[in-house]
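Undergrad: Got a predicted structure plus its sequence, pasted below:
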There are 2 protein chains.
Amino acid sequence: MSEQSAPSPTPAAELSSDPASPLPQEIASALKRDSSGLVAAIVQQHDTNEVLMLGWMDDEALHRTMTSGRVTFYSRSRQEYWRKGDTSGHVQFVKSVALDCDGDALLIRVDQIGAACHTGTRTCFDGRDFTVVTGHRE
Amino acid sequence: MSEQSAPSPTPAAELSSDPASPLPQEIASALKRDSSGLVAAIVQQHDTNEVLMLGWMDDEALHRTMTSGRVTFYSRSRQEYWRKGDTSGHVQFVKSVALDCDGDALLIRVDQIGAACHTGTRTCFDGRDFTVVTGHRE
């Protein structure tokens, strides 16, 4: 991510961190961002385990989410931050945040007020199943 | 995705589809792929609703997942397909596949054999929580 003018003792960590990140160094270093600087954020209802939606976060959105009690995403299409519920009232209160083993996905457990989906359904996946071949244990 | 030599009556659909996709046209057209041609795939245990992991799928990986009863991902780091469980034995049997409202995330509900994570934990998020400020309903 950043150019090095001299050899670094910890190049792997420095490559994946951003000196301008608002996050603690150990978290910034653990993120494996895509070419747009984003990681995927799965949002799950904390008490039912429903998967509500998937959004995207850069370092700033994750920082806001971890420090404010409310979920903030970065919109890839609008290229701006949006705090869930500010327009719709469908707030997501943060209960926990975890980063996966390879650093490219967050699991945000929340208390979701109302519908998570802008279409009005509880989750962004409701009623959107494909017809598939299912598999089974032997 | 593809160049047009003449005006198209349905440019939006054609831009997001791929004539080489193995998927049905209505599914290929609904996918909103990133610059690498991938969508995020959330994997959830079908009976407990645990979020197990997040992987990535291109059209071919999704096609294999929808038609074989087993989950296949596309590895961004290795740039190859991998069918979950072929090496580890930790197979994911497909129960359902849904695409979210804006087409950039799949929810794959599975029956997971053993650990979903290559580190040996049940999910890729286990024990990886950050310390955060939580939010609460008024």
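TA: Perfect, I can see it now.
Undergrad: what's the helix or strand harbouring A:Ala98 packed up against?
TA: Here A:Ala98 is covered by strand A:92-99, with elements defined by DSSP states H and E. Judged by 3 or more Cβ pairs under 8 Å, 6 or more residues apart in numbering or on different chains; DSSP states H and E, the packing partners of strand A:92-99 are helix A:59-68, strand A:105-112. (Glycine included, C-beta is placed from N, CA and C.)
Undergrad: how big is the angle separating the longest one from strand A:92-99?
TA: Comparing the axes of helix A:59-68 and strand A:92-99 via axes from the mean of the first three to the mean of the last three Cα atoms, to 10 degrees yields an angle of 120 degrees.
Undergrad: Rounded mean pLDDT for helix A:59-68, please.
TA: Helix A:59-68 carries an average pLDDT of 98.
Undergrad: So what sits opposite A:Phe73 in the bridge?
TA: With DSSP bridges applied, A:Phe73 shows beta-bridge pairing to A:Trp82.
Undergrad: Please report the distance of the residue positioned nearest the centre of chain A from chain B.
TA: Note on chain A: the residue nearest the mean C-alpha position is A:Ala41, at 2.2 Å, using Cα atoms, centre = their mean. A:Ala41 sits at a distance of 10 Å from chain B (criterion: Cβ to the nearest Cβ, to the nearest Å).
Undergrad: Paired strands for whatever helix or strand that residue lives in, with orientation please.
TA: Applying DSSP H and E as the criterion places A:Ala41 in strand A:39-45. Partners of strand A:39-45 in the sheet, by DSSP bridges, are strand A:51-57 (antiparallel), strand A:105-112 (parallel).
Undergrad: Distance from the longest one to the middle of the chain?
TA: Relative to the centre of its chain, strand A:105-112 is centred 8 Å away, using Cα atoms, centre = their mean, to the nearest Å.
Undergrad: Quick check: which ranges of chain A have low pLDDT?
TA: Scanning chain A with the threshold set as pLDDT under 70 gives A:1-19.
Undergrad: what kind of secondary structure is the residue of it positioned farthest from its centre in?
TA: Farthest-out residue of chain A from its mean C-alpha position, per Cα atoms, centre = their mean: A:Glu138, at 35.7 Å. Secondary structure for A:Glu138, judged by DSSP: H, G, I helix; E, B strand; the rest coil, is coil.
Undergrad: For stretch A:59-67, buried residues please.
TA: Within stretch A:59-67, the residues that count as buried by 16 or more other Cβ atoms under 10 Å in any protein chain shown are A:59-66.
Undergrad: what's in contact with that stretch?
TA: A:18, A:21-23, A:27-28, A:31, A:37, A:39, A:41, A:57, A:70-74, A:81, A:83, A:94, A:97, A:106, A:108, B:130, B:132-133 (Cβ atoms under 8 Å, 6 or more residues apart in numbering or on different chains).
Undergrad: From those, list just the buried residues.
TA: Neighbour-count burial (16+ other Cβ under 10 Å) is assigned, among these, to A:18, A:21, A:23, A:27-28, A:31, A:37, A:39, A:41, A:57, A:70-74, A:83, A:94, A:97, A:106, A:108, B:130, B:132.
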